[in-house]
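Visitor: When you get a sec, could you give me coordinates for this:
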Amino acid sequence: MTRLANTVIRTMFYQASPIIFGRAKSLRLRKTAAEKKLWNLLRKKQMLGLRFKAQHPINQFIADFYCHTIRLVIEVDGSSHNKLKVRESDEKRSMELKKFGIELIRFSNDEIFNDIEQVRSKIELKCLGLIDSHLTPPSP
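Guide: Purely as a prediction, here's the structure:
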C-alpha cells in the first residue's frame, strides 16, 4: 500500500530491509506467552474493527503489534526492559517511530498476565483517540 503524504511516498513498512522482514517472520513463529495472550485480543479485527499485524517490520525495527490505519505500535515488554540500557534503547526507538508519525504504547508481561481487561481498556482508549485525530481535519 502506497500513499502520498507531503509528497513523500510512504509504505506501511517504512523502507524495512529484507533482513528485517526475515527476522519478523522468525519472531512470528515464536511469540512469547504474553504476546500470544495480547494477540488473542487484537487479531481478526477484534479491537474496534482495526487490523493489527503481529511482528511487523517498520524501518529497522520490528513492532510487536502494528495498526497502520491509526499508526499505532503496541509493545510487550519482558523483565529485560527494566534494565537501564534496554530502557534507553526503548526510548530511542520510540523517538524514531515518532519521526514516522507512529504512536507507541507499552505493556509489561505482568500487566498482560495480571490485568488483561485493563490492558484492553487502555488500548481501546488509545485507539479511539488516534481514530479521532486521524478523522479530524487539521486546523487552518
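
Visitor: middle-most residue in this structure, spatially?
Guide: In the chain, the centroid-proximal residue (C-alpha atoms, centre = their mean) is Val73; its distance is 1.5 Å.

Visitor: Double-check it against Lys98; I have them as touching.
Guide: No: taking C-beta atoms under 8 Å as the definition, Val73 is not a contact partner of Lys98, at 10.3 Å. C-beta: built from backbone N, CA, C; applies to glycine.

Visitor: joint contacts of these two?
Guide: Taking C-beta atoms under 8 Å, 6 or more residues apart in numbering as the contact rule, the neighbours common to Val73 and Lys98 are Leu104.

Visitor: Enumerate every residue touching the residue nearest to the centre of the chain.
Guide: Neighbours of Val73 in contact, by C-beta under 8 Å, 6+ apart: 58, 63-66, 97, 102-105.

Visitor: In PDB, could you pull the C-alpha coordinates for the helix or strand hosting it?
Guide: Assigned by DSSP states H and E, Val73 belongs to strand 72-77. What follows is strand 72-77, C-alpha atoms only, in PDB (Å, rounded to 0.1, in the frame of the first residue of the first chain):
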ATOM      1  CA  LEU A  72      -0.100   2.600  16.500                       C
ATOM      2  CA  VAL A  73       2.600   0.300  17.700                       C
ATOM      3  CA  ILE A  74       1.900  -1.900  20.800                       C
ATOM      4  CA  GLU A  75       5.000  -3.300  22.500                       C
ATOM      5  CA  VAL A  76       5.100  -6.100  25.100                       C
ATOM      6  CA  ASP A  77       8.000  -5.700  27.500                       C
END
